[in-house]
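J.: my questions are about this predicted structure, shown below with the sequence.
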Amino acid sequence: MLEQTAVQCPYCGETIATEVDGSASHRYIEDCPVCCQPIEFEAEIDDWGNLVRLNAWRDDD
């Protein structure tokens, strides 16, 4: 199940939308559509496949 959520880019500070797949891996990298920097995401998914929390950080941290 795909769930769309908004996060703040840790590089440029813009709010961006991303889709999280509750049935897939909980860690992934996606480029910011504004500044093109790679953002690392870690999704916390509950037992029903719903997004509980999405953490985003810089790829160079």
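T.: Right, received. Where do you want to start?

J.: how about the spatially most central residue of the chain, secondary structure?
T.: The chain has residue 41 as the residue nearest its centroid, 4.2 Å off, counting by Cα atoms, centre = their mean. At residue 41 the chain is in strand, as set by DSSP: H, G, I helix; E, B strand; the rest coil.

J.: need the strands for the chain, in chain order.
T.: All strands of the chain, identified by DSSP state E, fall at 2-8, 15-21, 27-31, 38-45, 51-58.

J.: between the two ends of stretch 30-49, how far is it?
T.: 20 Å (Cα to Cα, to the nearest Å).

J.: what's the spacing between residue 45 and residue 35?
T.: 27 Å (Cβ to Cβ, to the nearest Å). All C-beta spots, glycine's among them, are computed from the backbone N, C-alpha and C.

J.: look at those two and report which has more neighbours.
T.: residue 45 (19 against 13; other Cβ atoms under 10 Å).

J.: nearest residue to the more buried one in space, please, no chain neighbours.
T.: The spatial neighbour of residue 45 that comes closest, neighbours along the chain excluded (Cβ to Cβ, 6 or more residues apart in numbering), is residue 22 at 5.0 Å.

J.: with residue 52 instead?
T.: Using Cβ to Cβ, 6+ apart, the closest residue to residue 52 is residue 44 (4.4 Å).
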